[in-house]
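Peer 1: Fold the following and give me the result.
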Amino acid sequence: MNRDEKSLLALTSFGHALNHGYLLIYPSVLLLLQREFSLGFLGLGIVGSTATLAYGLGALPGGVLCDWLGPKKLFLICFLGSAFCSLMIALSSSFFFFALWGTLLGAFGSVHHPAANVLLTSKVREMGRAVGIHGAVGNIGLALTPSIAAFIATRWGWRTVYWLAIVPGLCISAWALFVDMSLPKKEKKPAPEAPSSSSLWLLCTLPLVLLYMVNGFNGFCNTGALTFLPAYVAEKTRFTFFSLDNVVIGGMLSSVILFLGLFGQYAGGVRSQGKNVEGAILIAAVISLPLALVMSISGHLFFLVAAFGYFFLNFAIQPMTNISLATYAPAGMRGTAFGVYFATGFAMASAAPAFSGYLAQRLGLSSLFFGISGGVLLMILWAFLLKRYAPRPRSV
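Peer 2: Have a look, this model is predicted:
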């Protein structure tokens with residue numbers, strides 16, 4: 001990679017970490033919110049679902065706007081908007097306003113994925129490696145947020161976490177002003193015109209639809225697990241460490257699990273540059289099923305080992321489907337294709353927190369990964385169809 005490619009990759013990667021970090025604050029302080037507002041897991045899960053739904057649905061217009069306005073403007077909208085929503089959450093006087101601004105936080109964050117993936121697949125020659133690094137650094141945000149947010153929240157209150165979250169949003173927005181995000185001419189649309197019905201059908205080819213479904217169910221399993229992972233870990237693993245609150249212990253162990261997921265993101269990105277990527281996606285999905293089941297019935301060490309393997313594979317699938325999407329996307333519509341891809345993925349994932357919350361409230365947290373296993377089964381089905389009926393094109 002040359003200097004410009006490395007600069008772009010650094011910005012989008014740290015932006016990815018921050019983007020996921022904003023959304024992971026909520027699960028990290030969930031137990032504290034439950035205590036303060038006297039809510040059940042179902043109500044907390046519904047709030048998580050609305051934020052995830054906004055995060056998903058916003059990706060579609062975000063992808064279209066990326067083709068029309070360019071990635072830089074979307075990048076600034078994403079992080080300046082996220083910083084503003086963090087401010088309003090910190091000032092919220094009731095859980096209603098917390099939920100409202102939390103949903104808008106998801107909406108502003110939604111445009112990052114289309115913009116970043118268009119940039120990396122358009123401006124970086126080693127796109128597979130770049131997407132893998134981008135995903136891996138994003139996992140650092142996923143990994144660090146639970147422990148940091150839980151530690152701060154238990155000592156100075158959950159509002160303090162959101163006050164502090166304003167600063168990195170402003171910093172990365174300032175950084176973006178100095179990075180070249182102009183797209184190559186072949187990726188630019190000549191004018192902002194409404195997509196025709198014929199062009200929209202180009203986004204519904206068999207390979208693309210199958211990728212939408214694989215990504216959607218992978219996102220469902222990922223989001224359903226992440227929303228309650230700190231609480232689940234706190235219940236399933238009975239470790240003590242310097243007499244820390246179980247909220248902090250759950251956050252710390254969740255961070256360790258998610259940190260190892262960054263190796264999955266990088267491995268998936270490297271693997272996506274090889275042959276038979278669809279086969280690799282299918283194998284990863286199949287292996288993740290027994291690991292999810294082990295997480296459902298075990299505790300302590302066996303749970304942690306299974307969790308390491310499960311999240312490694314879950315995150316490895318993401319860059320492989322991202323790169324496959326780039327190879328199937330119609331010329332000049334890559335941003336819109338990524339918008340549809342992430343919108344459908346996060347929209348499907350948005351049902352997971354409420355689904356997981358319902359299971360946790362009715363059957364206990366131990367039932368969580370039994371439900372997730374059902375989503376893994378469906379992902380395996382769509383991955384098999386992708387492997388069987390959508391051979392990958394050999395040129396990008």
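
Peer 1: what ranges do the helices span in the stretch 51-200 of the chain?
Peer 2: Assigned by DSSP state H, counting those that start in this stretch, the helices in the stretch 51-200 of the chain fall at 59-69, 71-91, 95-109, 112-123, 127-156, 158-176, 197-201.

Peer 1: so which of the ones you listed comes closest to residue 267?
Peer 2: helix 127-156 (7.3 Å; CB to CB). C-betas here are computed from N, CA, C, even on glycine.

Peer 1: Sort out which residues of that closest one are buried, please.
Peer 2: For helix 127-156, a neighbour-count test (16 or more other CB atoms under 10 Å) marks 127-154 as buried.

Peer 1: now swap in stretch 330-347 and tell me
Peer 2: Quick answer for stretch 330-347 (16+ other CB under 10 Å): 333-347.

Peer 1: after the worst-scoring helix or strand of the chain on mean pLDDT, next one along is what?
Peer 2: Among the helical and strand segments of the chain, the one scoring lowest on mean pLDDT, DSSP states H and E is helix 197-201, with a mean of 60. Downstream of helix 197-201, the next assigned helix or strand under DSSP states H and E is helix 206-236.

Peer 1: before we move on, back to that, among the helices of the stretch 51-200 of the chain, which is the most enclosed?
Peer 2: The highest average neighbour count among the helices of the stretch 51-200 of the chain, using mean count of other CB atoms under 10 Å, belongs to helix 112-123 at a mean of 27.

Peer 1: What are the contacting residues of that helix?
Peer 2: With contacts defined as CB atoms under 8 Å, 6 or more residues apart in numbering, helix 112-123 is touched by 4-5, 8-9, 12, 15-16, 19, 59, 62-63, 66, 71, 74-75, 78, 127, 130-131, 134, 181, 183-184, 187, 322-323, 326, 334-335, 338-339, 342, 396.

Peer 1: Could you save the helices of the stretch 51-200 of the chain as JSON lines and add columns showing distance to residue 295?
Peer 2: Putting those into JSON lines (distance: least, CB to CB, whole Å) gives the following:
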{"stretch": "helix 59-69", "distance to residue 295": "29"}
{"stretch": "helix 71-91", "distance to residue 295": "31"}
{"stretch": "helix 95-109", "distance to residue 295": "26"}
{"stretch": "helix 112-123", "distance to residue 295": "27"}
{"stretch": "helix 127-156", "distance to residue 295": "17"}
{"stretch": "helix 158-176", "distance to residue 295": "27"}
{"stretch": "helix 197-201", "distance to residue 295": "40"}
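
Peer 1: Which of the ones you listed sits closest to residue 373?
Peer 2: In terms of CB to CB, the element of the helices of the stretch 51-200 of the chain nearest to residue 373 is helix 127-156, at 21.4 Å.

Peer 1: and the closest one, what other elements does it pack with?
Peer 2: Contacts defined by 3 or more CB pairs under 8 Å, 6 or more residues apart in numbering; DSSP states H and E place helix 127-156 against helix 3-28, helix 112-123, helix 158-176, helix 206-236, helix 246-271, helix 300-328.

Peer 1: could you dump the helix or strand following the first one to PDB, C-alpha only?
Peer 2: I take that to be helix 3-28. Under the assignment DSSP H and E, the closest C-terminal helix or strand after helix 3-28 is helix 30-37. C-alpha atoms of helix 30-37 as PDB (Å, rounded to 0.1, in the frame of the first residue of the first chain):
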ATOM      1  CA  LEU A  30     -27.500  -2.200  30.300                       C
ATOM      2  CA  LEU A  31     -27.500  -3.600  33.900                       C
ATOM      3  CA  LEU A  32     -27.100  -0.200  35.400                       C
ATOM      4  CA  LEU A  33     -30.000   1.100  33.200                       C
ATOM      5  CA  GLN A  34     -32.100  -1.800  34.300                       C
ATOM      6  CA  ARG A  35     -31.500  -1.000  38.000                       C
ATOM      7  CA  GLU A  36     -32.100   2.800  37.600                       C
ATOM      8  CA  PHE A  37     -35.300   2.600  35.400                       C
END
